[in-house]
Each structure stands twice: as C-alpha cells, then as structure tokens.
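Novice: when you get a sec, could you give me coordinates for this:
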Amino acid sequence: MLIKEFLENVCNEIKYKPIREDISEELSLHIQEQKEEYIKEGLEENVAEERAVSNMGEAEEIGKKLNKIHKPKFDWILTLLVAILIGFGFLIITIRGKQEVDEISIYYFWRPISFLLLGLIISVGIYFLDYRNVLNYSTSIYVISSILLLVTVLFGRDIQGRNYLSIFHKTVDSSNICILLYIISFVGFLNKLSRKNINISIGNFNLKIRLDILKIVALSTTSIFFLMISNRISISMILLLSYIIITTAYIASEENKEINLIKFFGTLMFLVVILMLIVGVTDSGNYNRIIERIKATYNGSDIYGVGWVNNIINDILDNSNTFSGIENANEYIGLLADGTEFSLISISMFCGTFYSSIVIGVVMLLGIKIILDCKNIKDKEGRLLIIGFGSFILLQAILNILMNFNLVPIAALNLPFVSYGFNGLLVNMMMIAFILSIYRRKDILTKKIETGKKLKIKVSFE
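Specialist: Numbers count the residues shown, from 1 in each chain. This next block holds a predicted model:
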C-alpha cells in the first residue's frame with residue numbers, strides 16, 4: 001500500500017473533516033522518516049515505502065482510534081446548568097404575569113420566548129465558529145465596540161440616567177454586546193504582544209517600560225471610560241476585574257511574572273484612579289448617588305429615601321417561608337416590577353427560600369464547571385477567552401446575589417440567565433456559546449491560524 005492510499009483510508013474513518021489534513025501531514029511525515037531510514041539501509045525506494053507503511057498497522061484501525069481521540073466534545077453539564085438558570089428566569093416571568101392583566105402577561109411571556117429563540121440561533125452559529133479566526137480581528141472589534149458606545153452616548157436616548165440606542169423606536173442597551181466584544185479584543189491583543197521596550201535613563205536611574213503592556217492598559221482603560229460615560233459604572237467595574245483576571249492568568253505563564261504583574265497592576269491602578277477622578281468631576285451627581293446607596297445598604301432608609309428597597313429586602317428575608325414565600329407577596333410586587341436586579345429575592349418572596357437556594361447552588365456549580373473547563377483547555381487563546389467570559393458572568397452573578405441579601409450596595413447588575421433583561425440574556429448566551437465552542441475543540445489539535453506555523457500532532461499506537 002502506498003502512502004497516499006494509506007492516508008486516504010485513515011482519513012476516511014475520521015468524522016471531523018477539519019482535522020484530516022493535519023493528521024494526514026503528520027502521518028506522512030512519520031512514514032517519510034521511516035522510509036528514508038530504510039533507504040539508507042539499502043532498500044529500494046518502493047520497497048522502503050511499502051515497509052514503512054506496513055509498519056504503521058491497519059489504516060482503518062488507526063483511523064478509528066484517531067477519530068475517537070479527535071472527536072468534538074459537547075459540554076452537557078455546562079449546558080444543563082445554564083438551562084436550569086434560564087428556567088428559573090421564566091419562573092419569574094410567569095409569576096409576574098399572574099400579578100398583571102392578561103394582555104401584559106402575554107406580552108411578558110412571548111417576548112422572552114422570542115429572545116431565547118434568537119439567542120439559541122446565534123449561539124448555534126457561534127458554537128460552530130472557530131474562535132481563533134475571530135481573535136484575528138481584535139483591533140476591528142475594539143474599534144466597532146468603541147464607536148457603538150460613543151454613538152450611544154452622543155445620539156442615544158437618556159432613560160433614567162442611562163444612555164440607550166434607539167433602533168426602530170425600540171431602546172437597546174449597547175453596553176451588553178460591547179462587553180463581549182471588548183473581552184474578545186482584549187484577549188486578541190494579549191496574544192499579539194510585541195514585547196518592545198522603552199529604556200529611560202536619568203543619571204543612575206534606569207527604567208524599562210514595556211510598550212505592549214502599556215498599550216493593553218491604555219486600551220482597556222479607554223473601554224472602561226466609554227462604559228462609565230454612558231453611566232454603566234457597575235458593569236464597567238466588573239469588566240475591569242475581568243481584565244485583571246485575564247491578564248493575571250496570561251502573565252502567570254510568562255517569565256519574570258512577579259515583576260510584570262507589579263508593573264501591570266501599578267500602571268492600571270494609576271490610570272483607573274485618573275479615570276475615576278475625571279468621571280467624578282464631570283458627573284459628581286452619579287458618585288453622590290453611589291455614596292448614598294452604600295450608606296443605605298448598612299443604615300437602612302435615610303432622609304432621601306434611598307434605602308427603601310433595602311428595607312423591603314430585609315422584610316422579605318425575615319418573613320419568607322422555606323417553600324411558600326411570604327403571605328403578602330402581592331404588596332411587594334413593585335419590587336419585582338421595578339427592575340431585573342431583584343430576581344433572586346423575588347423567588348424567595350413568591351416561592352420560598354428553598355428555591356432561591358437552588359439558584360445559588362446552580363450558580364456555584366456553574367462557576368466550578370467553568371474553572372474545570374479552563375484547566376482542560378490546552379489552547380492558550382481559548383483558555384483566556386473562557387477566563388474572560390466566565391469571570392464576567394460569575395462576578396456579575398456573585399455581586400447580584402450579595403446585593404439581594406443586602407450585603408453590597410444595590411447596583412444595576414442582573415443575575416445572568418435568571419433576570420429578565422433580554423439584551424443581557426442574549427449576550428450571556430453568546431458568551432456561553434463561545435465557551436462551548438472552545439470546549440468542543442479541546443481534544444482537537446489543528447493548525448495554527450497564522451501562516452507558516454503548524455502545531456504538530458503526536459500520534460502513538462499500542
């Protein structure tokens with residue numbers, strides 16, 4: 001059997017077609033090495049080739065083993081956990097519908113269904129997308145998301161102090177999709193670091209500044225600034241923490257990681273302080289409201305009435321039964337209708353603390369599963385994306401849970417997949433789809449996207 005025929009028989013058994021070329025090249029290289037050794041021993045070329053191929057074993061059996069190894073994986077556990085949270089989200093919508101008239105009930109039921117279906121369609125497309133191709137356009141993605149936020153600030157509608165895009169007479173929160181795009185571009189920038197330095201010498205003082213780290217810090221700070229001027233302070237702080245977690249994971253794998261971490265955090269904190277001072281001067285009223293909310297969290301209602309929601313939360317927590325909520329739940333329907341931030345406390349109010357405990361438990365399991373997925377991903381780019389998306393989802397969830405128990409100040413933070421903020425639901429589903437797409441390829445070794453660089457596939461047979 002000649003090399004070409006052998007490789008065709010092997011690849012015919014491999015179901016995942018994108019990996020066939022890589023496996024074929026690696027096997028061909030191995031056979032050619034064996035063939036050259038036999039030629040050196042004095043065998044003719046055709047005899048040497050036949051013997052090298054014969055030594056590989058049965059082509060069909062090899063193909064079946066490789067197909068088992070390089071088979072796309074679906075993360076059923078992660079999907080199940082997300083589905084449970086979405087189910088609780090629809091529970092909240094159903095509860096609210098029962099408290100309203102039929103027309104409003106129908107509206108609030110079918111609208112999330114349509115968003116969920118749209119999210120599923122987009123997620124399926126992302127699932128089959130090669131995430132590494134997306135990272136190649138990190139600069140364009142960053143520019144697009146920044147322009148989108150600026151357009152929202154300059155030409156969007158101001159609703160209760162926040163800027164929204166108006167599309168076909170519908171308000172859209174552009175910050176949600178921009179968060180996803182910023183995380184993708186940030187990971188893309190990290191994987192294209194130039195490692196260029198600037199050396200500054202003043203007398204005996206020498207300072208070496210890495211331009212690539214300075215660039216990353218400047219771009220990330222700018223993205224946070226755009227979010228803050230659109231009055232998304234809470235979500236911008238979570239994005240900042242996600243940036244820090246991603247960068248820490250990246251630098252931890254480098255040499256001199258301690259020094260580089262100190263440089264990164266020092267530069268970042270300096271720029272963030274300057275940034276907050278600028279925003280504080282331009283919008284001091286916003287920061288005054290934040291201070292009032294912090295006071296209200298621990299002191300209850302004040303003369304401005306800021307802490308009335310905190311008092312309601314305390315009443316619900318004190319009076320909720322384990323399996324039946326509170327008897328006068330209808331009196332607190334305003335809490336459920338005023339925003340999406342209080343989904344967890346609403347479950348306690350109408351269903352009981354047992355069901356809100358289930359939600360918290362599922363969120364904890366989701367976090368554990370994402371961490372385990374990070375450990376199982378060999379590709380550095382994919383691992384950083386999972387860290388970025390996972391940290392953003394989990395930080396938002398943790399802060400929302402703490403907020404629903406009056407442990408942190410109330411902020412505009414949803415509980416991912418449970419709160420009925422439909423723009424947020426779409427973006428969170430897209431983030432999970434990216435995680436599933438990365439997990440899908442965790443055992444599939446393919447060529448690098450950059451030209452001229454190949455990832456060798458090690459093949460061993462018993």
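
Novice: find the centremost residue of the chain, please.
Specialist: residue 389 (1.4 Å; Cα atoms, centre = their mean).

Novice: so what does the helix or strand containing it touch, helix or strand wise?
Specialist: If you go by DSSP states H and E, residue 389 is part of helix 380-404. With contacts defined as 3 or more Cβ pairs under 8 Å, 6 or more residues apart in numbering; DSSP states H and E, the packing partners of helix 380-404 are helix 131-135, helix 174-190, helix 233-251, helix 343-350, helix 353-376, helix 422-440. Where C-beta positions appear, they are placed from N, C-alpha and C, glycine not excepted.

Novice: and the longest one, what's buried?
Specialist: Right, the one you point to is helix 353-376. 353, 355-356, 359-360, 362-363, 366-367, 369-370, 373-374 (16 or more other Cβ atoms under 10 Å).

Novice: of the helices and strands packed on helix 380-404, flag the one that's most buried.
Specialist: helix 343-350 (a mean of 26; mean count of other Cβ atoms under 10 Å).

Novice: show residues contacting that one.
Specialist: Contacts of helix 343-350 with the rest of the structure, by Cβ atoms under 8 Å, 6 or more residues apart in numbering, involve 88-89, 91-92, 95, 313, 316-317, 320, 325-326, 329, 332, 335-336, 355-356, 359-360, 400-401, 404-405, 414-415, 418-420.

Novice: ok so, going back, off-centre distance for the helix holding residue 389?
Specialist: Averaging C-alpha positions (Cα atoms, centre = their mean, to the nearest Å) puts helix 380-404 7 Å from its chain's average.

Novice: so it versus helix 353-376, what angle?
Specialist: Put simply, helix 380-404 runs at 160 degrees to helix 353-376, going by axes from the mean of the first three to the mean of the last three Cα atoms, to 10 degrees.

Novice: quick revisit: wait, doesn't the residue nearest to the centre of the chain sit right on residue 435?
Specialist: Yes: at 5.9 Å, residue 389 counts as touching residue 435 under the criterion of Cβ atoms under 8 Å.

Novice: who's in contact with residue 79?
Specialist: 432, 436.

Novice: then residue 14?
Specialist: Counting by Cβ under 8 Å, 6+ apart, the residues that residue 14 touches are 20, 23, 63, 66, 67, 70.

Novice: let me see the confidence value for residue 129.
Specialist: Each residue has a pLDDT score; the one for residue 129 is 88.

Novice: then residue 291?
Specialist: If you check residue 291, the pLDDT there is 59.

Novice: from the contacts of residue 14, pick the one nearest residue 233.
Specialist: residue 70 (45.7 Å; Cβ to Cβ).

Novice: count of neighbours near the closest one?
Specialist: A count of neighbours around residue 70, defined by other Cβ atoms under 10 Å, yields 21.

Novice: how about residue 11?
Specialist: For residue 11, using other Cβ under 10 Å, the count is 19.

Novice: skip the chain neighbours and tell me the closest residue to it.
Specialist: Leaving aside its sequence neighbours, residue 11 sits nearest to residue 20 (Cβ to Cβ, 6 or more residues apart in numbering; 4.3 Å).
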